[in-house]
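In: give me coordinates for this.
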Amino acid sequence: MSDRSWFFASQGQQQGPYPEAQLRDLIARGIVTATTLVWSEGMADWQKAGDIPGLFSGYSGPPAVPGSQRSPAGGGDVDGGSLSIDFGILEFVWRSLVLFIGAVFVIPLPWVLVMYCKWIVSCLHVPGRPSLTFEGQPLTVLWWWLGAVVLFICLDLTGIRYNNALGLVIQLGLYWLALKWFIANIASNGQPIGLSFSGSFWGYLGWHVLAALSVFTIIGWAWVYTALSRWICRHIEGTRREVIFNASGLEYLWRCVVTALACAFIIPIPWVMRWMMRWYVSQIELAERAA
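Out: Just a heads-up that it's a prediction; the model follows:
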């Protein structure tokens with residue numbers, strides 16, 4: 001296989017040919033992921049790189065540092081570097097529409113949410129973690145979702161004061177549970193990575209209260225949400241690397257403003273959302289933990 005030349009698809013365009021050594025370098029840098037379509041002479045059609053025997057498994061990365069230990073398969077040890085994400089526009093559009101429709105009809109939401117999570121994780125590249133998958137089950141979310149719906153109904157029936165504020169707290173509680181569930185169910189090569197999120201609900205709630213108050217400063221919310229992203233990354237456990245969010249508040253601000261302006265024209269929404277998501281994910285880095 002080492003003498004073959006390869007093509008790969010990026011943003012709907014053919015790239016290549018590349019010698020296999022260069023293709024493996026692109027894999028190591030995260031440019032070619034397990035979900036990237038590739039083709040080489042002798043293949044009947046394009047295939048996902050992760051489905052080709054020996055292509056990803058043949059890349060093992062650098063040898064272990066003398067005196068160190070590699071974690072077992074499925075463990076949380078990964079190489080350093082920034083994360084990346086890539087996906088097609090049409091796939092993003094129809095999956096997002098299905099997710100929106102599922103949320104409108106309430107009951108289907110857990111199933112379409114799992115579908116969406118499986119897809120978005122398969123588009124994500126983490127250095128040293130090929131073939132990422134999502135193993136969460138709809139029934140887990142179903143009970144949280146139905147419980148929240150019942151609480152919302154009870155709040156409306158009681159008519160107590162501040163029921164809108166209590167409803168918002170319940171909604172944030174759902175988001176917090178979903179965040180823990182999402183992180184805990186990320187797997188690599190079919191094996192659980194063992195990640196977990198240790199951030200408390202009260203901390204999560206406090207950041208959102210601060211974000212709501214920062215709206216009065218007009219632009220301060222960007223720095224709050226940047227700090228919230230750092231807080232979330234800092235509380236991801238189960239990996240020997242430290243998860244860091246590198247973006248500044250100013251970077252977050254101007255990109256959000258551009259995204260909002262572009263979304264006002266409706267048609268650019270998929271492209272600008274992909275642009276924003278690519279940037280956001282690229283700001284998440286795995287780095288050596290401070291001694």
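In: where exactly do the helices run in the protein?
Out: Assignment of helices within the chain using DSSP state H yields the ranges 20-28, 89-104, 109-122, 138-158, 163-184, 201-214, 220-234, 249-263, 269-282.
In: okay, those in CSV with mean pLDDT and distance to residue 55 next?
Out: Any C-beta I mention is one placed from the backbone N, CA and C, and that applies to glycine too. Compiled in CSV, those are given as follows (pLDDT from 0 to 100; distance: least, Cβ to Cβ, whole Å):
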stretch, mean pLDDT, distance to residue 55
helix 20-28, 79, 8
helix 89-104, 95, 22
helix 109-122, 95, 16
helix 138-158, 87, 32
helix 163-184, 92, 28
helix 201-214, 96, 40
helix 220-234, 97, 30
helix 249-263, 97, 34
helix 269-282, 96, 23
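In: want to throw these into CSV with distance to residue 46?
Out: As requested, these are exported to CSV (distance: least, Cβ to Cβ, whole Å):
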stretch, distance to residue 46
helix 20-28, 14
helix 89-104, 15
helix 109-122, 16
helix 138-158, 31
helix 163-184, 30
helix 201-214, 42
helix 220-234, 35
helix 249-263, 31
helix 269-282, 21
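In: got TSV for those helices, with mean neighbour count too?
Out: Listed next are those as TSV, based on neighbours: other Cβ atoms under 10 Å:
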stretch	mean neighbour count
helix 20-28	17
helix 89-104	13
helix 109-122	18
helix 138-158	14
helix 163-184	15
helix 201-214	15
helix 220-234	18
helix 249-263	15
helix 269-282	16
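In: out of the ones you listed, flag the one nearest residue 12.
Out: Nearest to residue 12 among the helices of the chain is helix 89-104; the distance by Cβ to Cβ comes to 8.1 Å.
In: and that closest one with helix 138-158, angle?
Out: 50 degrees (axes from the mean of the first three to the mean of the last three Cα atoms, to 10 degrees).
In: what does helix 89-104 rub up against?
Out: 108-109, 111-113, 115-116, 119, 270-271, 273-274 (Cβ atoms under 8 Å, 6 or more residues apart in numbering).
In: ok, of these, which one's closest to residue 257?
Out: For the contacts of helix 89-104, the nearest to residue 257 is residue 273 (14.4 Å; Cβ to Cβ).
In: and which of the contacts of helix 89-104 is nearest residue 54?
Out: For the contacts of helix 89-104, the closest approach to residue 54 (Cβ to Cβ) belongs to residue 119, at 25.6 Å.
In: and the gap between the residue nearest to that closest one when sequence neighbours are not counted and residue 280?
Out: Closest residue to residue 119 apart from its sequence neighbours, by Cβ to Cβ, 6 or more residues apart in numbering: residue 95 at 5.7 Å. From residue 95 across to residue 280, the span is 18 Å (Cβ to Cβ, to the nearest Å).
In: kindly report the same for residue 197.
Out: As judged by Cβ to Cβ, residue 197 and residue 280 stand 17 Å apart.
In: same thing with residue 239?
Out: Distance, residue 239 to residue 280, using Cβ to Cβ: 19 Å.
In: and what of residue 272?
Out: As for residue 272, its distance to residue 280 is 12 Å (criterion: Cβ to Cβ).
In: can you check residue 99 too?
Out: Where residue 280 is concerned, residue 99 sits at a distance of 18 Å (Cβ to Cβ).
In: pLDDT score for residue 10?
Out: Residue 10 carries a pLDDT value of 77.
In: swap in residue 59?
Out: Residue-level pLDDT assigned to residue 59 equals 48.
In: what residues are up against residue 140?
Out: With Cβ under 8 Å, 6+ apart, residue 140 has these contacts: 110, 181.
In: same question but for residue 237, I mixed them up
Out: Counted by Cβ under 8 Å, 6+ apart, residue 237 has contacts 195-198.
In: can you check residue 85 too?
Out: 120, 123-125, 277-278, 281.
In: with residue 187 instead?
Out: Neighbouring residues of residue 187 by Cβ under 8 Å, 6+ apart: 74, 132-135, 193.
In: tell me the two of the contacts of residue 237 that are most distant?
Out: Using Cβ to Cβ, the contacts of residue 237 span at most 10.4 Å, a distance reached by 195 and 198.
In: what residues are shared contacts of these two?
Out: 236-237.
In: between the two, which one's more packed in?
Out: residue 195 (17 against 12; other Cβ atoms under 10 Å).
In: distance check, residue 271 against residue 84.
Out: Counting by Cβ to Cβ, the gap from residue 271 to residue 84 is 17 Å.
In: right, I'll call it a day here.
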